[in-house]
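S.K.: Need a 3D model of the sequence below.
(one chain, ligands or ions: 3)
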Amino acid sequence: MSRVFVLDHPLIQHKLTKIRDKNTGTKEFRELVDEVAMLMAFEITRDLPLMDVETETPVTVAKTKELVGKKIGLIPILRAGLGMVEGVRKLIPAAKVGHVGLYRDPKTLKPVEYYIKLPSDISDRELIVIDPMLATGGSANDAIHSLKKRGAKNIKLMCLVAAPEGVDVIKEDHPDVDIYLGAIDDGLDENGYIIPGLGDAGDRLFGTK
Ligand SMILES: O=P(O)(O)OC[C@H]1O[C@H](OP(=O)(O)OP(=O)(O)O)[C@H](O)[C@@H]1O
Ligand SMILES: O=c1cc[nH]c(=O)[nH]1
Ligand SMILES: [Mg+2]
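M.R.: Ligands and ions are numbered 1, 2, ... in the order given. Okay, the predicted model is just below:
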């Protein structure tokens, strides 16, 4: 059963409010999404394993902790996922990055895959799928299926804003995938947009509307 975490850190929630605001322009929107992604990564990596090490300080030897060299892969879903990936990379600079290109057909709301390029060793990596929006869930669901088909075994999903419908789809199809969110909103409108949501994340990030 997927675990669903709504990351309620005050900085995440405050910045998310500004991201939602229709008066926030492209530059500030992009900066805020980057910052929130970094803060979310801080929470998502909370369970990374540590090992005991000894380090010589200028004074003496300290018994301390170091990350066990865990291999991580970040998988932004194009385009909007690009707005979050650099924020996460600031905290996990050694992570490899794979890209899944999907757009949602505006009529059917079904995802269409147009690109995929992944690190060769995804089956050995803990993967974090990144997309600001989880609406019907079709895009994230497809991306996760694509990754599993290519050998991925260990996947987390990270989104800024989700609709309950999208969360249910991932829980149903991928009970092994834990979901990390900034918020779960009320639902979807007739065009599949999240209510109240933040509008079209890709358009707001890249100024295409
Ligand atoms: O859960 P779903 O109903 O599938 O909707 C969510 C998807 O829609 C948006 O992408 P969009 O199709 O707008 O592509 P873009 O990122 O290129 O703008 C968003 O970034 C998600 O990938
Ligand atoms: O609300 C939504 C739904 C899908 N994609 C977006 O960018 N926003
Ligand atoms: Mg879009």
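
S.K.: so what's Asp178 up against?
M.R.: Listed by Cβ atoms under 8 Å, 6 or more residues apart in numbering, the contact partners of Asp178 are 2-5, 156-157. Bear in mind the C-beta positions are built from the backbone N, C-alpha and C, glycine included.

S.K.: go with 6 Å
M.R.: 2-3, 156 (Cβ atoms under 6 Å, 6 or more residues apart in numbering).

S.K.: Of those - the most surrounded one?
M.R.: Most neighbours among the contacts of Asp178, by other Cβ atoms under 10 Å: Lys156, with 21 neighbours.

S.K.: Grab the nearest non-local neighbour of the residue of the chain found nearest ligand 3.
M.R.: Residue of the chain nearest ligand 3, by Cβ to the ion: Gly202 (3.1 Å). Nearest residue to Gly202, sequence neighbours excluded (Cβ to Cβ, 6 or more residues apart in numbering): Ala80, at 4.1 Å.

S.K.: Could you give the number of residues near the one you found?
M.R.: For Ala80, using other Cβ under 10 Å, the count is 25.

S.K.: Let's see which of the contacts of Asp178 end up in strands.
M.R.: Lys156 (DSSP state E).

S.K.: one step back: and the one helix or strand the residue of the chain closest to ligand 3 maps to, is it in reach of ligand 1?
M.R.: Using DSSP states H and E, Gly202 sits in helix 201-206. Yes: applying Cβ under 6 Å from any ligand atom, one finds helix 201-206 touching ligand 1 at 201-202.

S.K.: what's the first-to-last distance across stretch 60-74?
M.R.: 38 Å (Cα to Cα, to the nearest Å).

S.K.: could you say which helix or strand contains the residue nearest to Val6 when sequence neighbours are not counted?
M.R.: Sequence neighbours aside, Leu181 is the residue nearest to Val6 in space, at 5.2 Å (criterion: Cβ to Cβ, 6+ apart). Using DSSP H and E, Leu181 sits within strand 178-184.

S.K.: about what we covered before: what's opposite the residue nearest to Val6 in the beta bridge?
M.R.: Here Leu181 sits in beta bridges with Val6, Cys159, going by DSSP bridges.

S.K.: Quick one: neighbours of it, just the number.
M.R.: Neighbours of Leu181 (other Cβ under 10 Å): 21.

S.K.: near ligand 2, anything from the biggest helix by length in the chain?
M.R.: Longest helix of the chain, by residue count under DSSP state H: helix 26-44. No: remark: helix 26-44 sits outside contact range of ligand 2, by Cβ under 6 Å from any ligand atom, the gap being at least 11.6 Å.

S.K.: So which bits of this structure are right by ligand 1?
M.R.: The chain comes close to ligand 1 at residues 77-80, 102-104, 109, 111, 131-139, 166, 192, 200-202, as judged by Cβ under 6 Å from any ligand atom.

S.K.: Can I get the buried part of those as one PyMOL selection?
M.R.: To isolate the buried ones among the residues of the chain next to ligand 1 in PyMOL, judged by 16 or more other Cβ atoms under 10 Å, type:
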select buried, resi 77+78+79+80+102+104+111+131+132+133+134+135+136+137+138+139+166+192+201+202
